[in-house]
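# Here is a sequence together with a model predicted from it:
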Amino acid sequence: MRQILRITYTFLRLGALNELEYRANFFIQSFQALLGLLVSLGGLQIVFNHTADLGGWQPAELLALVGVYQIVGGLINTVINPSMQRFMEDVRKGTLDFALTKPADAQLLVSVREFRIWRVADIFLGIAVLVVALVRLGERVGWQQASLFGLALLCGAAIVYSFWLILATFSFWFVRVENILVIFQSMYQAGRWPVGIYPQWLRITLTFIVPVAFAVTVPAEGLVGRLDLPALAQALGLAAALLLVSRFFWRFGLRAYSGASA
């Protein structure tokens, strides 16, 4: 664990130093994050101008869901997506050797070696929205809900990372995998709303095929007191299973990699 934290901190520091060369990006990314957030909040306002709840979700509860959506999206755009994009590029160019020859776990290196530090603005905005939602929820949020939220959010992050790694690992066999990742990012937009409001076929897709539900809806349910133990157990089980599967698939994919020196 100490090695994981040390390596992650090192790449985070390098990413910050690289990004500080282009400080104007901070204002651009902040504006983009704020614009995306305003679009989400505007959608909520339009909905609740015509109804008192959406699928049983109250306005403050949906505001919490938007906050979770923003936080998870910020995590994806800060480290998961940039690192996986670089990993796929290294596979195409044969330069993955530089990671494989390092005296550290190669999967860890490719997972955290690219940080877009300015995208942290998404996370901060999501936290701000979450705080506002908590104030509106008031006494309904206690230690139990906070604990369930934290655990469910960790599970969601693990699920998203594992799913993204599995897709990126296909680059060992296929030249262009970016299109699959674009599809995932497009489907992630559905996480702005509770998965339960969608038709059954789409709920199944967003829960078990593209696990948006476990990344956004389940943590939000934990925070607002809607999460039951079977759903939490499913999230824990899926997170553990996907971490194992992604690890196995990663090691299997390495066998197909020839490298620049082959």
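Received, thanks. Numbering: from 1, shown residues only.
# which residue ranges form the helices in the stretch 51-200 of the chain?
For the stretch 51-200 of the chain, helices defined by DSSP state H, counting those that start in this stretch occupy the ranges 59-75, 81-93, 97-100, 106-112, 120-137, 143-169, 178-188, 200-204.
# and those as TSV, adding mean neighbour count?
Every residue, glycine included, has its C-beta placed from N, CA and C. Putting the helices of the stretch 51-200 of the chain into TSV (neighbours: other C-beta atoms under 10 Å) gives the following:
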stretch	mean neighbour count
helix 59-75	24
helix 81-93	19
helix 97-100	15
helix 106-112	19
helix 120-137	18
helix 143-169	20
helix 178-188	14
helix 200-204	11
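# Ok, which of these comes nearest Asp228?
Closest approach to Asp228 among the helices of the stretch 51-200 of the chain is made by helix 143-169 (9.8 Å; C-beta to C-beta).
# Just give me how far that closest one sits from the chain centre.
8 Å (C-alpha atoms, centre = their mean, to the nearest Å).
# Stretch 208-217 too?
10 Å.
# Between the two ends of it, how far is it?
End-to-end distance of stretch 208-217 (C-alpha to C-alpha, to the nearest Å): 13 Å.
# list the buried ones in that stretch?
Neighbour counts using 16 or more other C-beta atoms under 10 Å place 210-217 of stretch 208-217 among the buried residues.
# Kindly report the same for stretch 220-232.
The neighbour-count check on stretch 220-232 (16+ other C-beta under 10 Å) flags 220-227, 231-232 as buried.
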